[in-house]
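In: A predicted structure for the sequence below; I have some questions about it.
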Amino acid sequence: MASFVSTDCILPIGFVRAQDGSFAPTSILHFHNSPKTLSPLSFSHSLRASEIKPRIAVQCKGGSSLAQTNAVRNLTGSVTRTQGLRFAVVVARFNEIITKQLLEGALGTFKNYSVQDEDIDVVWVPGSFEIGVVAARLGKSGKYHAILCIGAVIRGDTTHYDAVANSAASGVLSASLNSGVPCIFGVLTCDNMDQALNRAGGKSGNKGAEAALTAIEMASLFEHHLK
Ligand SMILES: Nc1c(NC[C@H](O)[C@H](O)[C@H](O)CO)[nH]c(=O)[nH]c1=O
Ligand SMILES: CC(=O)[C@@H](O)COP(=O)(O)O
């Protein structure tokens, strides 16, 4: 059974045993809770207790030495713990015949998972290119646990599609990273209208509904495990 030191443990490595038997660390590894194998000089890894050499002392918060655990913690957002979670939905009006269906699918998912109407704000923007800046503003407001971004980019005769699709994706990702609030990419990028219709409630399902479930899970992960 793999075992790992718990989080917030600092492993002094490369140390000199003093005359009084204490250890003087010469370099520090800070441990996270990710169960990874420690290579001899790697950093920011959890240490397999079985790999702790007798001469290494592990100083953990609370003063215990050589703290070990047999439990690997798995942190996952729960789609059944939605009470108090607040969501913003940024929707592009461009290709509204598609985005309205995606929005309806998303709102249906929120309802099915007991997200209250008063905990959802829907913000309309002209097109998918404008989603990122609004998502970033909403994320930084501190009012929401996740931002669901909905759009439909459909290829035309020019390369404009690539600019809009790529900008939408990078805009949503940047909003996530800059605000620290999960911004979920629910923007269709399709070669034609049929592909979009199939993914907005057609035979390929509703990607808006799927993205809403991702938003719930990520909101729960951040609220219940990563604060
Ligand atoms: N062609 C599509 C667009 N184009 C509009 C842009 O999103 C943007 O609003 C405009 O360039 C002004 O900044 N938007 C979509 O969402 N989907 C498209 O297929
Ligand atoms: C994604 C777009 O911007 C696209 O719909 C625009 O069409 P076109 O490339 O024919 O101007």
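Out: Great, that's in hand. Residues are numbered from 1 along each chain as shown. Ligands and ions are numbered 1, 2, ... in the order given.
In: For His225, which non-adjacent residue is closest in space?
Out: In this structure, His225 finds its nearest non-sequential neighbour in Leu75, 4.3 Å apart by C-beta to C-beta, 6 or more residues apart in numbering. Where you see a C-beta, it was placed from the backbone N, CA and C, and this is true even at glycine.
In: Okay, that neighbour and Glu217: tell me how far apart.
Out: The span separating Leu75 from Glu217 equals 11 Å under the rule C-beta to C-beta, to the nearest Å.
In: These two - which one has more neighbours?
Out: Under the criterion of other C-beta atoms under 10 Å, the comparison of Leu75 against Glu217 puts Glu217 first, with 19 against 9.
In: thought the more buried one was touching Ser78?
Out: Yes. With contact taken as C-beta atoms under 8 Å, Glu217 and Ser78 are classed as touching, separated by 7.5 Å.
In: Report the contact partners of the residue in the chain positioned nearest to ligand 2.
Out: Using C-beta to the nearest ligand atom, the closest approach of the chain to ligand 2 is made by Gly156 at 2.1 Å. The neighbourhood of Gly156, defined by C-beta atoms under 8 Å, 6 or more residues apart in numbering, contains no residues.
In: tell me the secondary structure for the residue nearest to His225?
Out: Assigned by DSSP: H, G, I helix; E, B strand; the rest coil, the conformation of Leu75 is coil.
In: Glu210 now?
Out: Judged by three-state DSSP, the three-state class of Glu210 is helix.
In: What of Val181?
Out: Reduced to three states with three-state DSSP, the structure at Val181 is coil.
In: Any idea how many residues pack against it?
Out: For Val181, the number of neighbouring residues by other C-beta under 10 Å comes to 24.
In: quick one: contacts for the residue of the chain found nearest ligand 1?
Out: Scanning the chain for proximity to ligand 1 using C-beta to the nearest ligand atom identifies Gly127 as nearest, at 2.3 Å. With contacts taken as C-beta under 8 Å, 6+ apart, Gly127 has the following neighbours: 92-94, 151, 164.
In: buried ones in the helix or strand harbouring Ala163?
Out: Mapping Ala163 onto the secondary structure by DSSP states H and E places it in helix 160-179. Residues of helix 160-179 classed as buried under the neighbour-count rule (16 or more other C-beta atoms under 10 Å) are 161, 164-165, 167-169, 171-172, 175-176, 179.
In: low-scoring pLDDT stretches of this structure, where are they?
Out: Within the chain, the set of residues satisfying pLDDT under 70 comprises 1-69.
In: Helices along that one, start to end?
Out: Per DSSP state H, the chain has helices spanning 96-112, 131-140, 160-179, 193-198, 207-225. These are given in chain order.
In: Any chance you could give me the second one in PDB, C-alpha atoms only?
Out: It stands for helix 131-140. Written as PDB, here are the backbone C-alpha positions of helix 131-140 (Å, rounded to 0.1, in the frame of the first residue of the first chain):
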ATOM      1  CA  ILE A 131     -17.200  36.400 -23.500                       C
ATOM      2  CA  GLY A 132     -13.700  36.500 -22.000                       C
ATOM      3  CA  VAL A 133     -13.600  40.000 -20.700                       C
ATOM      4  CA  VAL A 134     -17.000  39.700 -19.200                       C
ATOM      5  CA  ALA A 135     -16.200  36.400 -17.600                       C
ATOM      6  CA  ALA A 136     -13.000  38.000 -16.100                       C
ATOM      7  CA  ARG A 137     -15.000  40.900 -14.700                       C
ATOM      8  CA  LEU A 138     -17.600  38.500 -13.200                       C
ATOM      9  CA  GLY A 139     -14.900  36.200 -11.800                       C
ATOM     10  CA  LYS A 140     -13.100  39.100 -10.100                       C
END
